[in-house]
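Participant: let me see the structure of the following:
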Amino acid sequence: MGQEDIGIRGTATGRAPDTGRRGAVVAALMLSMGLAALDSTIVATAVPQIVGDLGGFSVFSWLFSGYLLAVTVSLPVYGKLSDTFGRKPVLVVGAAVFLAGSLLCALAWNMWALIAFRIVQGLGGGALQGTVQTLAADLYPLKERPKIQAKLSTVWAVSAVAGPAVGGLLAGYADWRWIFLVNLPVGGAALWLIVRHLHEPERESVPRARVDWAGAVAVFACGGVLLTALVQGGVAWPWLSAPSLGLFGAGLALVVVVVVVERRAAEPIIPGWVWRRRTIAAVNLALGALGLLMVAPTVFLPTYAQSVLGLGPVAAGFVLSVWTLSWPISAAHSQHVYRRIGFRNSAMLGIGLATLILLAFPLLPYPGEAWQPALLMLLLGAALGLFQLPLIVGVQATVGWAERGTATASVLFCRQTGQTLGAALFGAVANGVLASRVGDAANLDAIAHGLETGAASETTRRAIADAVHAVYLGAAGAAALAFLALLLLAPRRFPVLKD
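Facilitator: So this is what the prediction gives:
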């Protein structure tokens, strides 16, 4: 492993699952990852049809927020359960819950029912995301993990980008309920492959650990309240309003409850070692910053492409999607870099380049050509592929089987939380810039409507360009924070265990 210290902390506990049928299991993992990624975006283009059928326009944003909240707050719970009971039962239960939620969504009779069933879907999606990433590390030795991680990254990127197009086609030419029904055959195939082909080896006989259900409930409640405050603040109500302050106050109180409960638990859902170990703590902070900066391109670049560059929805989607080409390719080849200079230095190189690329975005000419932001996105994908995958592989290599699920879930949880925080933070930044430029037209939705109808003025277009530039500067700041977290907190050489 080049300059990484192999075997510093002894050999890993537990053995990898039987790899005789590894190909079938990998297919199941890719199908599962595709489902989780697709359902985070597929509903977006079908909202008009859903609202027209069910009503509830004032609360439809919870179709996305509810799913996001359920996925995020359930990740640490599933990570600990997979370390306690094994990956297979957690993945099977998660897939079953996800499919049940999909069927219920297709049968929803009003908007509130659909929101509730989307939350059920998210509870299953949390198990899919975390356990798939953990099993990928179980199935492959360290030197082969970049290959499977690159495959999963490709599936995630393609599914996330294809989601809006698939949702629009199904809603336009069939019925919006098929958006959820198509999950059943795909998820059923993944579930069958898991049950049939995934055989985890027998572990050494140890006393059965007690599940920290009180901690699970406390973590879920705390995460749900705080993320709800972040998602809805500045949207459903002002930041300094009673609902917002009440939710943040309740969230902080629940943080205290979580700390008290987890300190008393024999097997806590979020064990203290996740933050006491420098490697995992640094990676958690760095990937939280990654989630933060990803909001800039994924949320604001399509609006920039349509309003400032004058592109149609399809062309605007292409400007964004080019980073899905370079990200997995860069991730797949990152092993050649981190084997030479180590996990930390590879990630620092990637995030350092990403910082420069994000800083270059505000320097683009106005209005500019479509190839200019597309080129920056292509370079950004390559930089982030070199940043993210070495950190995930590196963290998984520093823990044994019995801790891998918890460690993997912690980094995914931090990345998801960063995205939620980024949506709230950068939304406020964009609205602030727009308010200073165009006065009472500071609502992004209203401005987008004006652009769609051709009523937006040149002043409004320039204001949107300035707002997106400000968001990209904020994203560059988040990238710089990730660089500093690795520089100051992460050890120069990760304490890698032997396979």
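
Participant: let me know the pLDDT of the residue nearest the centre of the chain.
Facilitator: Centrality entry for the chain: nearest residue to the mean C-alpha point is Gln416, 4.5 Å, by Cα atoms, centre = their mean. Reported pLDDT at Gln416 in the predicted model: 83.

Participant: and it, how far from Ala423?
Facilitator: 11 Å (Cβ to Cβ, to the nearest Å). For glycine as for every other residue, the C-beta is placed from the backbone atoms N, C-alpha and C.

Participant: got it, and Met30?
Facilitator: As for Met30, its distance to Ala423 is 27 Å (criterion: Cβ to Cβ).

Participant: my guess is Val319 contacts Leu376. True?
Facilitator: No: with contact defined as Cβ atoms under 8 Å, Val319 does not reach Leu376; the gap is 9.5 Å.

Participant: compare the two (neighbour count), which wins?
Facilitator: Neighbours were counted for Val319 and for Leu376 using other Cβ atoms under 10 Å; Val319 has more, 25 against 22.

Participant: tell me which residues touch that one, please.
Facilitator: Counting by Cβ atoms under 8 Å, 6 or more residues apart in numbering, Val319 makes contact with Leu301, Pro302, Ala305, Leu309, Leu311, Ala370, Pro373, Ala374, Met377.

Participant: for Ile50, same thing?
Facilitator: Going by Cβ under 8 Å, 6+ apart, the list of residues near Ile50 reads Val43, Phe60, Leu63, Met111, Leu114, Ala171, Trp176.

Participant: need the max-distance pair from these.
Facilitator: Met111 and Ala171 (15.5 Å; Cβ to Cβ).

Participant: which one's more surrounded, these two?
Facilitator: Ranked by neighbour count (other Cβ under 10 Å), Met111 and Ala171 place Ala171 first, with 23 against 20.

Participant: quick one: which helix or strand includes the more buried one?
Facilitator: Assigned by DSSP states H and E, Ala171 belongs to helix 145-173.

Participant: and that helix, what's buried?
Facilitator: Across helix 145-173, burial judged by 16 or more other Cβ atoms under 10 Å covers 145-146, 148-164, 166-168, 170-171.

Participant: what is it packed up against?
Facilitator: helix 22-38, helix 47-54, helix 111-139, helix 178-181, helix 313-321, helix 323-333, helix 371-397 (3 or more Cβ pairs under 8 Å, 6 or more residues apart in numbering; DSSP states H and E).

Participant: reformat these as CSV; add mean pLDDT and distance to Arg492.
Facilitator: Formatted as CSV, those follow (pLDDT from 0 to 100; distance: least, Cβ to Cβ, whole Å):
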stretch, mean pLDDT, distance to Arg492
helix 22-38, 82, 32
helix 47-54, 78, 48
helix 111-139, 87, 22
helix 178-181, 88, 48
helix 313-321, 73, 35
helix 323-333, 83, 22
helix 371-397, 90, 12
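
Participant: and of those, who's closest to His469?
Facilitator: Between His469 and the helices and strands packed on helix 145-173, the tightest spacing by Cβ to Cβ is seen for helix 371-397, at 11.4 Å.

Participant: and the closest one with helix 323-333, angle?
Facilitator: For helix 371-397 against helix 323-333, the angle by axes from the mean of the first three to the mean of the last three Cα atoms, to 10 degrees is 40 degrees.

Participant: I'd like the distance from helix 371-397 to the chain centre, please.
Facilitator: Put simply, helix 371-397 sits 14 Å off its chain's centre (Cα atoms, centre = their mean, to the nearest Å).

Participant: quick check: buried residues in that helix?
Facilitator: 372-397.

Participant: just give the nearest non-adjacent residue to Phe248, would you?
Facilitator: In space, and not counting its chain neighbours, Phe248 is closest to Ala229: 5.1 Å by Cβ to Cβ, 6 or more residues apart in numbering.

Participant: could you do Leu91 as well?
Facilitator: Among residues not flanking Leu91 along the chain, Thr131 sits closest, at 4.5 Å (Cβ to Cβ, 6+ apart).

Participant: run a quick neighbour tally on the one you found.
Facilitator: 32.

Participant: try the one 3 residues further on
Facilitator: The burial metric for Thr134, expressed as a neighbour count using other Cβ under 10 Å, is 26.

Participant: state the distance from it to Phe483.
Facilitator: 27 Å.

Participant: ok, Gln133 next?
Facilitator: 24 Å.

Participant: quick one: the longest helix seen in the chain to helix 371-397, angle?
Facilitator: Longest helix of the chain, by residue count under DSSP state H: helix 401-438. Angle of helix 401-438 versus helix 371-397, following the same axes, to 10 degrees, is 150 degrees.

Participant: would you pull up how far stretch 356-372 lies from the middle of the chain?
Facilitator: Counting by Cα atoms, centre = their mean, stretch 356-372 comes out at 26 Å from the chain centroid.

Participant: what's the span of it, first residue to last?
Facilitator: 15 Å (Cα to Cα, to the nearest Å).

Participant: which residues sit against that stretch?
Facilitator: Residues contacting stretch 356-372 (Cβ under 8 Å, 6+ apart): 293, 296, 305, 308-311, 315, 319, 373, 376, 379-380, 383, 461-462, 465, 468-470, 472-473, 475-476, 479.

Participant: can I have the buried ones of those as a PyMOL selection?
Facilitator: Applying 16+ other Cβ under 10 Å to the contacts of stretch 356-372, the buried members can be selected in PyMOL as follows:
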select buried, resi 293+296+305+308+309+311+319+373+376+379+380+383+461+462+465+468+469+470+472+475+476+479
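
Participant: no more questions from me, cheers.
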